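Enquirer: Here is my input, please return the structure:
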Amino acid sequence: MSQESPLFNALALTIKQVTPTLEKDEKIYAHQIIAVSDAGRRFTLKERRGLPMQKYVGQKLQCIIEILDAQFFFPANKKEIDALPATTLKGIYQWKETGYKFIPELIRMVEGALDDEDHDYDEDEYEEKAPEYFANWGEFGLGLDIYQTKPMIKMGNGVCLLNEYCQEELIDEWEYGQELYFIPKTLLLRGIHTGKLKYNPIKTSSNLKELGKPQDPNVYKIHKGKKHTEAEWKIKEQELWEEYAKKNNIRPNNPDDKKDNHPSTPPSRFLLD
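Expert: Alright, predicted model coming up:
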């Protein structure tokens, strides 16, 4: 059985060209970036944080990429796959996940070792420590909030994010491990990493040995140390949402009231979904 780590890798891209697209008072607020993958695929990225990207031209970086818009295809057989445009990319759907999946220390904090049934996830500890890990990821931070969830797609050498409003009606029907075929239209660069470690390598290496253990395909989500199947998690998440809504005076939707905007089911950013 292959060893698959729950740790997500960012996409490895070489920066080829950087062009400022928003500048005011001699300060640059946004860029357009041309980057190339190891396979020679060319990507045009938007950057909206004002990162000093010129200094990274010619370098290979680990890039946190979010697909803001894309054209998806759903071929039914190999013949239809072969007929797709040459610019089509193939990815593997990884569910909606939170940015901590890119940080080994936080995976250990939230999920524990894969064989640890008694792991106790401490939400207070996560809220205390996660902001620093997110802020210190790579050169300028991960570019995500600590509870922000995104649909994620594994693409070759790494994992990219998918905007939750892109293909919104289809995402809920996708299954873990499903093959996706798409042509990106708009890509956002959220964060970059040169590959240089900022964490204690002794602690990190021991963590990664445990993270490399094979995953149980029946486990959909680990929450506070307990493993859940997909059906069990949907029930548990609904219970947690109802408890949260009650504490925060959020009333569920009335299906007959079109003006009522209070959700009756958990929103995508409610938990580490």
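
Enquirer: Kindly indicate whether residue 80 is helix, strand or coil.
Expert: The three-state label given to residue 80 by DSSP: H, G, I helix; E, B strand; the rest coil is helix.

Enquirer: go on, residue 140?
Expert: Strictly by three-state DSSP, residue 140 counts as coil.

Enquirer: Quick check: the gap between the residue nearest to it when sequence neighbours are not counted and residue 141.
Expert: Distance criterion Cβ to Cβ, 6 or more residues apart in numbering; nearest residue to residue 140, sequence neighbours excluded, is residue 51 at 5.5 Å. Where you see a C-beta, it was placed from the backbone N, CA and C, and this is true even at glycine. Separation of residue 51 from residue 141 (Cβ to Cβ, to the nearest Å): 10 Å.

Enquirer: Return the distance of the residue nearest to residue 140 relative to residue 95.
Expert: For residue 51, the distance to residue 95 equals 28 Å [Cβ to Cβ].

Enquirer: Looking at these two, which is more packed in?
Expert: Higher neighbour count among residue 51 and residue 95: residue 51, with 22 against 17, using other Cβ atoms under 10 Å.

Enquirer: wait, what's in contact with the more buried one?
Expert: 31, 139, 140, 189, 192 (Cβ atoms under 8 Å, 6 or more residues apart in numbering).

Enquirer: ranges for the helices of the stretch 1-150 of the chain?
Expert: Per DSSP state H, counting those that start in this stretch, the stretch 1-150 of the chain carries helices over the ranges 78-82, 104-111, 123-136.

Enquirer: can I get the ones you listed in TSV with mean pLDDT, mean neighbour count and distance to residue 6?
Expert: Output for those, formatted as TSV (pLDDT from 0 to 100; neighbours: other Cβ atoms under 10 Å; distance: least, Cβ to Cβ, whole Å):
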stretch	mean pLDDT	mean neighbour count	distance to residue 6
helix 78-82	95	10	29
helix 104-111	89	21	6
helix 123-136	93	14	16
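
Enquirer: Please pull out the lowest mean pLDDT helix or strand from this protein.
Expert: Least confident element among the helices and strands of the chain, by mean pLDDT, DSSP states H and E: helix 201-211 (a mean of 37).

Enquirer: about what we covered before: for residue 156, which of the helices of the stretch 1-150 of the chain is the nearest?
Expert: Among these, helix 78-82 comes nearest to residue 156, with 16.6 Å by Cβ to Cβ.

Enquirer: Show me how far that closest one is from its chain's centre.
Expert: 28 Å (Cα atoms, centre = their mean, to the nearest Å).

Enquirer: Give me the below-cutoff pLDDT ranges for this structure.
Expert: Along the chain, the model assigns pLDDT under 70 to residues 1-5, 114-117, 196-228, 230, 233, 241, 244-273.

Enquirer: where exactly do the strands run in it?
Expert: In the chain, the strands defined using DSSP state E lie at 11-24, 27-37, 42-47, 60-73, 89-98, 149-155, 158-162, 179-193, 221-223, 226-228.

Enquirer: Could you export the ones you listed as JSON lines, including distance to residue 110?
Expert: JSON lines is the format used below for the strands of the chain (distance: least, Cβ to Cβ, whole Å):
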{"stretch": "strand 11-24", "distance to residue 110": "23"}
{"stretch": "strand 27-37", "distance to residue 110": "30"}
{"stretch": "strand 42-47", "distance to residue 110": "29"}
{"stretch": "strand 60-73", "distance to residue 110": "19"}
{"stretch": "strand 89-98", "distance to residue 110": "8"}
{"stretch": "strand 149-155", "distance to residue 110": "13"}
{"stretch": "strand 158-162", "distance to residue 110": "17"}
{"stretch": "strand 179-193", "distance to residue 110": "19"}
{"stretch": "strand 221-223", "distance to residue 110": "8"}
{"stretch": "strand 226-228", "distance to residue 110": "12"}
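
Enquirer: What distance do you get for residue 229 to residue 235?
Expert: With the distance defined as Cβ to Cβ, residue 229 ends up 10 Å from residue 235.
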